[in-house]
Structures are given as structure tokens and as C-alpha cells.
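Peer 1: Next one to model:
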Amino acid sequence: MAAPTRNTFRSISHVIFDMDGLLLDTEGFYSLVQEKILERFGKKFDWNLKAKMMGKKAIESARIFVEESGLTGLLSPEAFIEEREGMLQELFPSCTLLPGVERFVNHLHANGVPMCVATGSHKRHFLLKTQNHGKIIEKMHHVVMGDDPEVKQGKPSPDVFLAALRRFEGNVEASKCLVFEDAPSGVSAAKNAGMSVVMVPDPRLDISYQKEADQVISSLLDFQPGDWGLPPFHE
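Peer 2: Residues are numbered from 1 along each chain as shown. This is a model prediction of the structure:
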């Protein structure tokens with residue numbers, strides 16, 4: 001994907017990361033489990049449905065799954081979550097870091113750039129997903145999860161990003177924050193919070209979902225911090 005012309009971006013001081021599909025390779029687990037559930041009803045899971053569910057709180061994505069799949073009256077959102085939960089809990093601990101994550105997080109940390117995680121995942125899932133990735137999480141100033149009391153609504157509401165903003169030290173302006181997201185709803189949430197956003201979408205996500213992002217890259221390996229006024233890589 002072609003990046004916009006350099007030196008046209010805001011100067012950034014703080015970084016906020018989404019987690020699923022951005023730092024950790026977990027989105028495939030969700031797809032696998034949801035495909036299995038739909039098979040029982042003779043239906044197929046596609047990326048149009050996936051795009052609508054990504055980044056949202058569990059109950060919100062469950063409602064979308066049931067309604068969009070034509071399962072209203074056959075499967076409740078609550079039953080979907082319960083069925084999905086058991087399968088996901090077995091898969092989450094095996095998730096891996098996505099390309100470029102370790103390099104970029106270590107670079108920001110070494111250069112004193114404050115960063116955090118803002119995720120729709122609730123605490124139980126967060127702990128399962130990150131249990132083998134403490135070296136990344138410990139470099140974050142803080143983490144805001146989907147079941148945080150300040151997060152009243154899931155993405156595309158800006159709640160999770162505004163809560164993350166408030167927990168940085170000092171009076172940080174939203175315009176100084178750069179969000180990294182893979183989900184369309186997450187991109188919208190970041191823009192609704194008044195922040196800039198770099199999208200790192202799955203290649204299967206239709207390009208029509210990428211229009212809101214300030215920059216679109218294929219991988220964190222492609223990101224150049226210096227373009228945003230952040231300390232550049234020296235390699």
C-alpha cells in the first residue's frame with residue numbers, strides 16, 4: 001500500500017496501540033471459531049461480516065454476528081458468546097506478536113515516547129492473550145480494556161481512546177496522539193477522539209474500509225516514525 005507523501009502529518013508526542021490484530025495475531029482465532037459456529041447452521045463466515053464485528057465489545061459484535069447471519073431466533077447473542085468463549089480460551093495463550101511490533105515498541109521505549117494499549121478486550125481475555133508477551137506490555141505506560149468503568153461504549157465510540165488519553169501524565173492533547181489500529185471501527189473511534197490514526201489492515205479487508213485513516217500501511221515494519229515527528233529508526 002502506498003503511503004501518503006512524507007512531512008504532511010501532525011507532529012506526535014504519544015502513541016496508542018490497539019491490541020487484537022495490531023500487536024497480537026489473534027483475529028484469526030476469532031474467524032476460526034466463528035466459522036465453526038456458522039457451519040452448524042449451514043452458513044459461511046465472510047470478511048464483510050468480520051469487518052463489522054472487529055474492534056467492538058463482545059456483546060456488540062455478538063449482536064452483529066447473529067443479526068447479519070440471519071440467526072435471530074435461532075441463536076442469541078449471549079449463547080453465541082458462551083459457545084465462542086470456550087474455544088477462544090484454549091487458543092488465546094498461543095497467540096504471537098505481529099511483524100514489526102517488538103522492534104517498534106522497543107524503539108519508542110528506548111527513546112522515551114509514552115505509549116499505551118487501548119483494547120476492546122476485557123480483562124480475562126487480555127490476560128490470556130498477553131501471558132507470553134509481558135516484555136511488550138511492561139513497556140506501556142498503561143492499558144485500558146473494554147470492561148474499564150470509563151469505557152461506556154465500544155468502538156466506534158471514542159471512549160477507550162479518551163480514557164487512554166486521560167491516563168498519560170500531564171495534560172496531553174488528543175491531536176498529539178497517534179493511534180495504531182487494524183479495525184474500521186477502531187479507526188473511526190480514534191478520529192472521533194480527535195486523534196490521528198495509522199491503519200494496518202488485514203490484506204483481506206476491502207479497501208473501502210480504509211478511507212478514514214490518515215495513513216495505511218501493510219505492516220508495522222513499513223512505518224517510519226520520523227514522518228510523524230517521532231524519533232526515526234537508525235539502521
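Peer 1: so what secondary structure elements neighbour the helix or strand that Glu85 is a member of?
Peer 2: Assigned by DSSP states H and E, Glu85 falls within helix 77-91. Contacting helix 77-91 under the criterion 3 or more C-beta pairs under 8 Å, 6 or more residues apart in numbering; DSSP states H and E are the following elements: helix 27-39, helix 58-68. For the C-beta atoms, the positions are set from N, CA and C on the backbone; glycine is no exception.
Peer 1: Let's have the ones you listed in CSV, adding mean neighbour count.
Peer 2: Formatted as CSV, the helices and strands packed on helix 77-91 follow (neighbours: other C-beta atoms under 10 Å):
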stretch, mean neighbour count
helix 27-39, 17
helix 58-68, 18
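Peer 1: got any ranges where this structure has weak pLDDT?
Peer 2: By pLDDT under 70, the weakly predicted segments of the chain are 1-8, 235.
Peer 1: any chance you could map the helices in the chain?
Peer 2: Under the criterion DSSP state H, the chain contains helices at 27-39, 47-53, 58-68, 77-91, 101-110, 123-130, 134-137, 159-166, 184-192.
Peer 1: got the contact list for the first one?
Peer 2: Under the criterion C-beta atoms under 8 Å, 6 or more residues apart in numbering, residues 20-21, 44-45, 50, 53-54, 65, 69, 75, 80, 83-84, 87-88, 91-92, 95, 182, 202 lie in contact with helix 27-39.
Peer 1: So which of the helices of the chain is nearest His14?
Peer 2: Counting by C-beta to C-beta, His14 lies closest to helix 159-166 out of the helices of the chain; the figure is 7.9 Å.
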